[in-house]
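Student: return a 3D structure for these sequence lines:
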Amino acid sequence: MAGFHGVLMMVVVQRTRELAIRVALGARRNRVRWMVLGQGLRLVAAGALRSE
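Tutor: The predicted model follows:
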């Protein structure tokens, strides 16, 4: 779980400005949250597949 948290935080830090603009333009916070979570899960899955 610690690896997932680190990857998710990296994604958020890299895209903070983009995420803020999306929310300012009217994107729902839940939609933005799921977008970030989905991208983080894809990165974790790719890393897990690569490490095996």
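Student: and R17, its phi and psi?
Tutor: The phi/psi pair for R17 (degrees, to the nearest 10) reads phi -60, psi -50.
Student: look up how far M10 lies from it.
Tutor: Between R17 and M10 the computed distance is 15 Å (Cβ to Cβ, to the nearest Å). Every residue, glycine included, has its C-beta placed from N, CA and C.
Student: ok, the two, which is more surrounded?
Tutor: For the pair R17 and M10, the greater number of neighbours falls to M10 (12 against 8), based on other Cβ atoms under 10 Å.
Student: helix or strand for the more buried one, which one?
Tutor: In the assignment (DSSP states H and E), M10 maps to helix 2-14.
Student: do the same with R31
Tutor: Going by DSSP H and E, R31 is in helix 29-51.
Student: number of nearby residues for R15?
Tutor: 16.
Student: residue contacts, it?
Tutor: Listed by Cβ atoms under 8 Å, 6 or more residues apart in numbering, the contact partners of R15 are V36.
Student: show me where pLDDT drops low in this protein?
Tutor: When residues are selected by pLDDT under 70, those of the chain lie in 1-2, 52.
Student: coming back round to it: contacts for the helix holding R31?
Tutor: Contact partners of helix 29-51, identified using Cβ under 8 Å, 6+ apart, comprise 3-4, 7-8, 11-12, 15, 19, 22-23.
Student: if you set the cut-off to 10 Å instead, what comes out?
Tutor: By Cβ atoms under 10 Å, 6 or more residues apart in numbering, the list of residues contacting helix 29-51 from outside reads 3-12, 15, 18-20, 22-23, 27-28.
Student: buried members of those into PyMOL, please.
Tutor: PyMOL command restricting those to the buried ones, with burial defined by 16 or more other Cβ atoms under 10 Å:
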select buried, resi 7+8+11+15+19+22
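Student: how far away is the most centrally placed residue in the chain from M9?
Tutor: Geometric centre of the chain, nearest residue: V36, 2.8 Å, by Cα atoms, centre = their mean. The spacing between V36 and M9, counted by Cβ to Cβ, is 10 Å.
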